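A.B. asks: predicted structure and sequence below. I'll ask about it afterward.
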There are 2 protein chains.
Amino acid sequence: MGVKERREREKSETRDKILDAARELFVTEGYEGVSMRKVAEKIEYSPTAIYVHFADKNELFRELCHQDYARLAEVFTSSVISTDPLERLRQIGGIYIDFGTRNPNHYKFMFMTPHPAHQLDEVDREMKGNPEMDAYAFLKWAVQQAIETGCFREDVQDAELISQTLWASVHGVISLHIAKGDDEWVDWRPMRDRAETMLDVTLRGLRREAKTGKDE
Amino acid sequence: MGVKERREREKSETRDKILDAARELFVTEGYEGVSMRKVAEKIEYSPTAIYVHFADKNELFRELCHQDYARLAEVFTSSVISTDPLERLRQIGGIYIDFGTRNPNHYKFMFMTPHPAHQLDEVDREMKGNPEMDAYAFLKWAVQQAIETGCFREDVQDAELISQTLWASVHGVISLHIAKGDDEWVDWRPMRDRAETMLDVTLRGLRREAKTGKDE
DNA sequence: GGCAGTAAGTTAACAGTGTTAAGTTAACAC
DNA sequence: GTGTTAACTTAACACTGTTAACTTACTGCC
C-alpha cells in the first residue's frame, strides 16, 4: 500500500506549496490584498486547484494562523526562562508584543478579525490546554503559578479572569498600534514605552503590596 | 444668491440620505457587508451617484465614524459626572466599553481597522484637543487632573503616555471581545467581569499607595 | 494488456465588487 | 433663447470568491 502513501505525500506537498505562497503574499499584502488567483499564479496552478485542498479562502488562512498559534506557544515555552512568576509574566508580555509588532498582518488576522465561530475539531481539542501548543494555556499556567506562590493580592484568585485581563492589556497595545499607529490625531509615545508602561501598570495592580517602590 | 444656497442644501440633503442609508446597513452588515450598490439601491439612486458626494467607499465610512468620534466625546462630556479623578477615569472606561460593545461594527471600523494615514484637514484640527469634540483629549484631561491632584504615584507624570496606556487597556477588552468573543478556544469570563477587572487592575497600578485595601 | 474507478487539476462561467469615462438632463445666469 | 454648470445615469473595466462540468493521468483488478 505504498502508493496511497505516496499520493497523500504528493497531495500534502502541493498543499504546503499553496500555504507557503499564501504566507508570502499574506505577510506583505494582508488578508484583503491576497486573492486566490494571485496565490494560484505564484505556484503556477489554476485558481480552482486551491479548492481541492481548502474549502475556501478563510480556511486557507485559518490554517496559516493555526501554524502561528503553535509557533507563538513554542516561542513561549522555549524562551521564557525566568523563574520568578512576576518576571515570567513580564517576559510573556514582552514576547507577545514583539510577536505582534513583528508580524502585524498575521496578528491582525489572528486576533483582530472576527471569524465565523467554528467548532473545535479533534486537532484543536488536542492542542487546547496544552501549554506547549496553546499560548493561552501557557499564560494561564504562568498566572496560576503567580497566584499559588502568593505574588498577587489575596482577592486575586481567578487565573482564567486574570489571564484574560493580562492578554487584553497587551493585545490593546498591539492592536491599537496596528490600527491607529500612523494616525496623526494622537501624539503617540514610542511603542516600547507604551508596552513597558502597560506591563508595569497591570503587574503592579495585581501584585501583593510590598515596600519595594520600583524594580528597574 | 438664494439659488446657490438652496442647491447646496439639496446636495447636502442627498449626502445625508446616503450617510443614513450607509449607517443603517453598516450597523447590521459591517464594512465588508455593505456595497455601494446596496447603499444606492436603498436610496433609489444609481451606484455612481454616491461618488458625487464621496471620493470612495472608505471616505463614506470615515465620515460615518467621524460623527461617532464626536458622539463619543459628547457622551463623555455629558455623562461623566464624578468629581473624584480616579472615579472619573473609571467612569470614562465604563462608558467607553459600553460604547464599544453596543456598537461593535462601528467600533471595529473606528478602532480596529487600519486606514491609510490621511492628513488632518482643518475640521480635524479644529476638533483635535478640544475635550468636547475629541474623546482622547477628554481622557487626557482626566488623566492630567488625576496627576495634578496627586492621585497617582510620583513617577507617573506623562499624561500622554498614561492616556495611551489606559486607552489601550479598555480597547484590549473590547476588541478582543469583538474579534474572539465567540471563540470556544477560550473559556471567556463574562464581559462585565473582564471590564471591571481591567479598570480595577490598571487604576490600582497607577495610584499612589494607600492603606485602603479595597474600594468596593 | 485492457478496463473501470478515482481524484487532482482544468476551463468556463456566475454573481458580485469598487470605480471610472462618457453621456444625459434639468435648472440656472445672462 | 443660448451656453454653462453640475447632479445624476448608463455602460463598462478589471477585479473578486466560488461552483459545475470536464479532462487527464494514474491506480488496482481481471
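C.D. replies: Arrived safely, thanks for sending.
A.B. asks: contacts only, for A:Val156.
C.D. replies: A:Ile147, A:Ile162, A:Leu206 (CB atoms under 8 Å, 6 or more residues apart in numbering or on different chains). Just so you know, the C-beta spots here come from the backbone N, C-alpha and C atoms, and that holds for glycine as well.
A.B. asks: near the first one, how many other residues are there?
C.D. replies: Number of residues near A:Ile147 (other CB atoms under 10 Å in any protein chain shown) recorded here: 19.
A.B. asks: one more: A:Leu199?
C.D. replies: A:Leu199: 24 neighbours (other CB under 10 Å).
A.B. asks: just the CA coordinates for the strand or helix carrying it, please, in CSV.
C.D. replies: A:Leu199 belongs to helix A:191-206 when assigned by DSSP states H and E. The C-alpha coordinates for helix A:191-206 follow below in CSV (Å, rounded to 0.1, in the frame of the first residue of the first chain):
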residue,chain,number,x,y,z
MET,A,191,5.9,51.7,21.2
ARG,A,192,8.5,50.4,23.6
ASP,A,193,7.3,52.9,26.3
ARG,A,194,3.7,52.0,25.9
ALA,A,195,4.4,48.3,26.1
GLU,A,196,6.6,48.8,29.2
THR,A,197,4.1,51.1,30.9
MET,A,198,1.3,48.6,30.3
LEU,A,199,3.2,45.7,31.7
ASP,A,200,4.3,47.8,34.7
VAL,A,201,0.9,49.1,35.5
THR,A,202,-1.0,45.9,35.3
LEU,A,203,1.5,43.8,37.2
ARG,A,204,1.7,46.5,39.8
GLY,A,205,-2.1,46.5,40.0
LEU,A,206,-2.1,42.8,40.7
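A.B. asks: give the buried residues for stretch A:84-96.
C.D. replies: A:Pro85, A:Leu86, A:Arg88, A:Leu89, A:Arg90, A:Gln91, A:Ile92, A:Gly93, A:Gly94, A:Ile95, A:Tyr96 (16 or more other CB atoms under 10 Å in any protein chain shown).
A.B. asks: stretch A:80-89 and chain B, any residue contact?
C.D. replies: No. Judged by CB under 8 Å from any CB of the partner chain, stretch A:80-89 makes no contact with chain B; its nearest approach is 12.4 Å.
A.B. asks: what is the end-to-end distance of that stretch?
C.D. replies: Length of stretch A:80-89, first residue to last, CA to CA, to the nearest Å: 9 Å.
A.B. asks: chain center to it: distance?
C.D. replies: Centroid separation between stretch A:80-89 and its chain, computed with CA atoms, centre = their mean, to the nearest Å, is 19 Å.
A.B. asks: contacts for that stretch, please.
C.D. replies: In contact with stretch A:80-89 (CB under 8 Å, 6+ apart) are residues A:90-92, A:95, A:138, A:142-143, A:145-146, A:149, A:151, A:166, A:203, A:207.
A.B. asks: farthest-apart pair in these, please.
C.D. replies: A:Ile95 and A:Thr149 (20.9 Å; CB to CB).
A.B. asks: if we can go back for a sec, emit the PyMOL select command for whichever of the contacts of stretch A:80-89 are buried.
C.D. replies: Buried residues within the contacts of stretch A:80-89, by 16+ other CB under 10 Å, are selected in PyMOL with:
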select buried, chain A and resi 90+91+92+95+138+142+143+145+146+151+166+203+207
